[in-house]
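> coordinates for the following, if possible.
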Amino acid sequence: MPQAPPSGSNRPSDSLSKDDLKGIYRQMWILRKFEETLLDLSKAGDLRGSLHLTEGQEAGPAGACLALRKDDAITMTYRGHGYYLAKGVNIKEVLAEIIGRENGTSRGRGGKMHVFDPEHGVLGANGIVAGGVPTAVGAAFASWLKGDDSVALSAFGDGAMNQGVMHEVMNMAGLWKLPVVFYCENNLYAEMTSLEASSGVTEVHKRVAAYGFEGVKIDGNDPLEVFDAVTAAVEKARAGGGPTLIEAMTYRTCGHYQLDPGFGGYRTREEVEEWKAKSPLIRFGAVLKEKKICKDKDLKKIEEEAAAIVAEAKEFALAGPIPSVDGLADGVFA
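You can find the predicted model right below:
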C-alpha cells in the first residue's frame, strides 16, 4: 500500500506559513490543557462519569482539521475533544456542554460523549465504538447527491476496525466512491486489548483493499505528516476519486479512562514512558526550534496562552446554569 510522501518531496505542508506552524503547536497545547482541566473537574466532582482522555495523540486533530474546510463534516469518538476544538467549535461552549450546563453547545443535553455543532460541520462525538463512522459516510453520501464538493472525515480508533458496521459502510463508500476520509488513530490498544490480540491483520490500512480504495500508513505523531496525508485524501475525495483510509500510528500515554493508571496488566510502564518521549508536543516543539521559528521562551509563551484560553473557558462553563428538570425533554421530541 502507498505510504505518506517522504520528507522534502513537495509536501502540502511546505506551503504552511510560520503562523500556521505556530498555530498547530498552539492547538495541540490547547487540547492538552483542556484535558488537564477536564481531569481536574472530574476530581472535583463537577464532571460526572467516565472520562476518556487523549494525551499523546494531539497531532491528529491539529493536523487533520487544518486540512478541512468549515463546511466539511467530521465525526469522532468519545475521545475526540481535539477534533471539535480544532474544527473551530467555541471552546467555552464545549467545556460547558461537557459538564452539563445550559450555556453548552447543546444546552448541556449531549455531554462529553455527544458534542454536536453542525455550524462547524461537527456531526457528533459518539459513545459507541465506530458509531460515528456511518454518520460521516451519510454526510458524504449527501454531498455526493447534492453535487457539492464538501467531504466528510471520521476519526476512530483501531478497535473500530473490528466492528461490523465499519465494513458495511466502507463497502458502500468504496462502491459509490463517496467523498469520505477514514482516519484511524492506531494507538495499538482497543481499550485494554492489544492490536495483536484482536486483529489477524495488524496493519489495518491493508484491509480496505477489499473495498476497492486506497489505504495509507503514516506517523500519527507528526502533525505535518497528518496534514499532508489528510490534504491528499481530501483533494482526492473532492475531485471524485473516492475514499481513503489513513492509518495514523500514535499512542495514548494516559489510561483508557481516568481511573486506569495506564500500565500494569495490559502494558508496561517502560512502554508508556518510551512513547511519552515521542510526544507530539515535544517533537513539534523541537521542529519549530530547528526551523528557527521559535525559541524556548516562545514555546513557553504559546503554552501559557493555551492555558489562559482554557482557564477562561472553565470560568465560563462553571458560571453556566444547570439545566432545569422541567426542560429535560426540550429538543428531544419534534
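
> helices along this protein, start to end?
Along the chain, the segments classed as helices by DSSP state H run 18-44, 59-66, 81-86, 91-98, 133-146, 164-176, 195-198, 223-238, 269-276, 280-290, 296-319.

> for those, give me CSV that also has distance to residue 112 and mean pLDDT.
For the C-beta atoms, the positions are set from N, CA and C on the backbone; glycine is no exception. Converted to CSV, the helices of the chain look like this (distance: least, CB to CB, whole Å; pLDDT from 0 to 100):
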stretch, distance to residue 112, mean pLDDT
helix 18-44, 8, 97
helix 59-66, 16, 98
helix 81-86, 8, 96
helix 91-98, 4, 97
helix 133-146, 18, 97
helix 164-176, 22, 97
helix 195-198, 25, 87
helix 223-238, 24, 98
helix 269-276, 24, 93
helix 280-290, 22, 97
helix 296-319, 12, 98
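
> can I get those in CSV including mean neighbour count and distance to residue 156?
Shown next, in CSV, are these (neighbours: other CB atoms under 10 Å; distance: least, CB to CB, whole Å):
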stretch, mean neighbour count, distance to residue 156
helix 18-44, 19, 17
helix 59-66, 28, 11
helix 81-86, 26, 11
helix 91-98, 24, 20
helix 133-146, 20, 6
helix 164-176, 18, 8
helix 195-198, 13, 14
helix 223-238, 23, 14
helix 269-276, 14, 20
helix 280-290, 17, 19
helix 296-319, 16, 25
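
> nearest to residue 117, of those helices?
Evaluated with CB to CB, the helices of the chain place helix 81-86 nearest to residue 117, the distance being 6.6 Å.

> contacting residues around that closest one?
Outside helix 81-86, the residues that touch it by CB atoms under 8 Å, 6 or more residues apart in numbering are 27-28, 30-31, 34-35, 38, 53-54, 57-58, 60-62, 64-66, 74, 76, 91, 94, 115, 117, 120, 122, 125, 155.

> now residue 232. Nearest residue, chain neighbours left out?
Closest residue in space to residue 232, ignoring its immediate chain neighbours: residue 12 at 7.2 Å, by CB to CB, 6 or more residues apart in numbering.

> wait, that neighbour touches residue 228, no?
Yes - counting by CB atoms under 8 Å, residue 12 does reach residue 228; the two are 5.1 Å apart.

> burial measure for residue 266, as a count.
Applying other CB atoms under 10 Å, we find 14 residues neighbouring residue 266.

> how about it: what's its closest non-neighbour residue?
Nearest residue to residue 266 in three dimensions, chain neighbours excluded: residue 192, at 4.4 Å (CB to CB, 6+ apart).

> first to last residue in stretch 94-110, what's the distance?
Chord length of stretch 94-110, first to last residue, is 10 Å (CA to CA, to the nearest Å).

> sorry, slip of the keys, the one I care about is stretch 113-125.
Span of stretch 113-125 from end to end, CA to CA: 6 Å.

> re earlier: so who does the residue nearest to residue 232 touch?
Residue 12 is in contact with 67, 227-228, 231-232, counting by CB under 8 Å, 6+ apart.

> state the distance from residue 265 to residue 198.
Remark: distance between residue 265 and residue 198 (CB to CB, to the nearest Å) = 16 Å.

> in contact with residue 324, which residues are there?
Residue 324 makes contact with no residue under the criterion CB under 8 Å, 6+ apart.

> excluding sequence neighbours, find me the nearest residue to residue 222.
Using CB to CB, 6+ apart, the closest residue to residue 222 is residue 59 (6.1 Å).

> the spatially closest residue to residue 77 that is not a sequence neighbour pairs with what?
Once flanking residues are discounted, residue 77 sits nearest to residue 156: 5.7 Å by CB to CB, 6+ apart. Here residue 156 sits in beta bridges with residue 184, going by DSSP bridges.

> and residue 156, what pLDDT?
Predicted confidence (pLDDT) for residue 156: 97.

> same thing with residue 4?
For residue 4, the model assigns a pLDDT of 51.

> cool, residue 255 as well?
On pLDDT, residue 255 comes in at 87.

> how about it, nearest residue that isn't a chain neighbour?
Distance criterion CB to CB, 6+ apart; nearest residue to residue 255, sequence neighbours excluded, is residue 262 at 3.8 Å.
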